[in-house]
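In: predicted model and sequence below, questions to follow.
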Amino acid sequence: MAKIIYVDNNATTQVAPEVVESMIPYLGEYYGNPSSIHAFGGDVGLKLKEARRELSDLIGADPEELVFTSCGTESDSTAIRSALKAQPDKRHIITTSVEHPAVKNLVEQLGKEGYRTTTVPVDSKGRLDLVYLYQNLSDDTAVVSVMWANNETGVIFPIEEIAGKVKEKGILFHTDAVQAVGKIPIDVHKLDIDMLSLSGHKLHAPKGVGVLYVKKGTTFSPFLMGGHQEHGRRAGTENVASIIALGKAARFTAAHMEEENTRVRQLRDKLENALLDKIPHSMVNGDPENRLPNTTSIAFEFVEGESILMLMDQHGICASSGSACTSGSLEPSHVLRAMNVPFTAAHGSIRFSLSVFNTEAEIDFIVEKLPPIIERLRKMSPFWEDAQLKDRMIT
Ligand SMILES: *Cc1c(COP(=O)(O)O)cnc(C)c1O
């Protein structure tokens, strides 16, 4: 395989080598069922227990508050549906206009099923209208679901404040923290969070494993019924190897969080500043003051994001335009639309998301290759000609 420069870590991450190593014995030699009475299975159960503790340490939870799931999407669905089932007389859901499809599409579906839904808007920097959120809290509200950090722009929401305000009204609060866990410190017991979702493959564990944190005492209704696994909260024989890998990944990200917030942040800033400097008519989408350390979404006006991606791909550079789910269609992402990013900028927006595996040489490579790509594409863009004419008229 040719060398790739991977800056698409909000889509998925490289499984850390020690994480791969940690799971291999449980795909081979140790195949016992963790629920078995015999020691061959029971030992696997003990290993799962260890993974549960490693993960709970990462987010400040108690081990028994974690439910292992198959992915972030399952965690989100379980949380929101559980909140509704547990309070059948409450018919109102509050969420935001910039959620991942795992929450957005579910809430839209619930709207069709007869629930009343409120979608909290964001401003042009992607910041939530908190006044609107608080005004809409009512006796009828079953659950408020607000993501911790946005996957496209990296914008971090004030979860501590929101959770506190929601709690004051006695309403359940869920946060999709898939992009936040492992990148910024999280301590669920210090905040009024009832449920939190995370996903393994966004933090250097494999795809196909996630966690739902459910605060002790929260009424819970399982999504999958069957065996007694996960204390009856999620039936189905555990994805043993992946859960063990996730435990290891929790330790890996905890050990690298400092680096993520220093070296990785500096690389992100270097990339962003160099591109803004070298490429006219480019700007950052989102709130530069309140962002994940690894993410930058940059709009290159008057070009098509998909074309930029294809030309970068020829150099082995892997990035993303909007979210993976919107790629392939010419609609700009719902996040950039919610922020009212102008049409000509939204279409040319690229998300770069770094990880601790990136190097300075890789950033230098992108800074060398991208400006000529944008220039080449703009030469073919009718919008660009118009913009140049306007620039000349102004100056
Ligand atoms: C990736 C992602 C998800 C979905 O997680 P999966 O494990 O892929 O189902 C949910 N929310 C956010 C914010 C994400 O970035």
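Out: Looks like it came in fine.
In: pLDDT wise, what is F383 at?
Out: At F383 the predicted local distance difference test score is 78.
In: now do the contacts for it.
Out: Under the criterion of Cβ atoms under 8 Å, 6 or more residues apart in numbering, the contact partners of F383 comprise 301-302, 344. In this view, the C-beta of every residue, glycine as well, is placed from N, C-alpha and C.
In: ok, and the most crowded of the residues you listed?
Out: Comparing the contacts of F383 by number of neighbours (other Cβ atoms under 10 Å), E301 comes first, having 23 neighbours.
In: for that residue, which non-adjacent residue is closest in space?
Out: H281 (4.1 Å; Cβ to Cβ, 6 or more residues apart in numbering).
In: go on, R116?
Out: Once its chain neighbours are removed from consideration, R116 has its nearest residue in H92; the separation is 4.6 Å (Cβ to Cβ, 6+ apart).
In: what's the neighbour count on the residue nearest to E301?
Out: Using other Cβ under 10 Å, H281 is surrounded by 18 other residues.
In: can I assume it is in contact with L275?
Out: No. No contact is recorded between H281 and L275 when judged using Cβ atoms under 8 Å, the distance being 11.7 Å.
In: please enumerate the shared neighbours of these two.
Out: Shared contacts of H281 and L275, defined by Cβ under 8 Å, 6+ apart, are not found at any residue.
In: distance check, the residue of the chain found nearest the ligand against S124.
Out: Among the residues of the chain, G72 lies nearest to the ligand; the distance is 2.6 Å by Cβ to the nearest ligand atom. As for G72, its distance to S124 is 27 Å (criterion: Cβ to Cβ, to the nearest Å).
In: can you give me how far the helix or strand hosting A387 is from the chain middle?
Out: Counting by DSSP states H and E, the element that carries A387 is helix 382-394. With Cα atoms, centre = their mean, to the nearest Å as the basis, helix 382-394 stands 37 Å off its chain's centre.
In: for it, which positions count as buried?
Out: By neighbour count with 16 or more other Cβ atoms under 10 Å, helix 382-394 contains the buried residues 383-384, 387.
In: just the CA atoms of stretch 247-257, as PDB, please.
Out: Output of stretch 247-257 as PDB, limited to C-alpha atoms (Å, rounded to 0.1, in the frame of the first residue of the first chain):
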ATOM      1  CA  GLY A 247     -10.300  -1.100  27.500                       C
ATOM      2  CA  LYS A 248      -6.700  -0.900  26.200                       C
ATOM      3  CA  ALA A 249      -7.600   2.000  24.000                       C
ATOM      4  CA  ALA A 250      -9.000   3.900  27.000                       C
ATOM      5  CA  ARG A 251      -5.600   3.600  28.700                       C
ATOM      6  CA  PHE A 252      -3.900   4.600  25.400                       C
ATOM      7  CA  THR A 253      -6.000   7.800  25.000                       C
ATOM      8  CA  ALA A 254      -5.700   8.700  28.700                       C
ATOM      9  CA  ALA A 255      -1.900   8.400  28.400                       C
ATOM     10  CA  HIS A 256      -1.900  10.500  25.200                       C
ATOM     11  CA  MET A 257      -4.400  13.200  26.200                       C
END
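In: touching the ligand at all, it?
Out: No. If you take Cβ under 6 Å from any ligand atom as the test, stretch 247-257 misses the ligand, and the best it gets is 12.9 Å.
In: what residues does that stretch touch?
Out: Here stretch 247-257 makes contact (Cβ under 8 Å, 6+ apart) with 15-16, 18-19, 22-23, 50-55, 57-58, 181-185, 200, 203-205, 260, 356.
In: now that stretch: buried residues?
Out: Using 16+ other Cβ under 10 Å as the burial criterion, the residues of stretch 247-257 that qualify are 247-254, 256-257.
In: do stretch 20-39 as well
Out: Using 16+ other Cβ under 10 Å as the test for burial, stretch 20-39 gives 22-23, 26, 30, 32, 34.
In: start to end distance for that stretch?
Out: Start and end residues of stretch 20-39 are separated by 25 Å (Cα to Cα, to the nearest Å).
In: kindly report the same for stretch 140-159.
Out: End-to-end for stretch 140-159, by Cα to Cα: 22 Å.
In: and it, how far out from the chain's middle?
Out: Here the centre of mass of C-alpha atoms in stretch 140-159, compared against the chain's by Cα atoms, centre = their mean, lies 10 Å away.
In: got any ranges where the chain has weak pLDDT?
Out: Across the chain, the ranges flagged by pLDDT under 70 are 1, 322-330, 394-395.
In: please list the residues of it that sit near the ligand.
Out: Counting by Cβ under 6 Å from any ligand atom, the chain comes close to the ligand at 71-73, 100, 102, 147, 151, 176, 178-179, 199, 201-202, 210.
In: phi, psi for the residue nearest to R116 please.
Out: Here the main-chain torsion angles of H92 (degrees, to the nearest 10) amount to phi -120, psi 140.
In: how about L58, nearest residue that isn't a chain neighbour?
Out: Spatial nearest neighbour of L58, chain neighbours left out: A250 (4.2 Å); criterion: Cβ to Cβ, 6+ apart.
In: separation between the one you found and E113?
Out: When Cβ to Cβ is applied, the distance between A250 and E113 equals 35 Å.
In: mind listing what the residue positioned nearest the centre of the chain touches?
Out: Nearest residue to the geometric centre of the chain (Cα atoms, centre = their mean): Q179, 3.1 Å. With contact taken as Cβ under 8 Å, 6+ apart, Q179 is in contact with 10, 147-151, 154, 202, 292, 295.
In: and the residues you listed as JSON lines, adding secondary structure?
Out: Conversion of those to JSON lines gives the following (DSSP: H, G, I helix; E, B strand; the rest coil):
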{"residue": "N10", "secondary structure": "coil"}
{"residue": "M147", "secondary structure": "coil"}
{"residue": "W148", "secondary structure": "coil"}
{"residue": "A149", "secondary structure": "strand"}
{"residue": "N150", "secondary structure": "coil"}
{"residue": "N151", "secondary structure": "coil"}
{"residue": "G154", "secondary structure": "coil"}
{"residue": "K202", "secondary structure": "helix"}
{"residue": "L292", "secondary structure": "coil"}
{"residue": "T295", "secondary structure": "strand"}
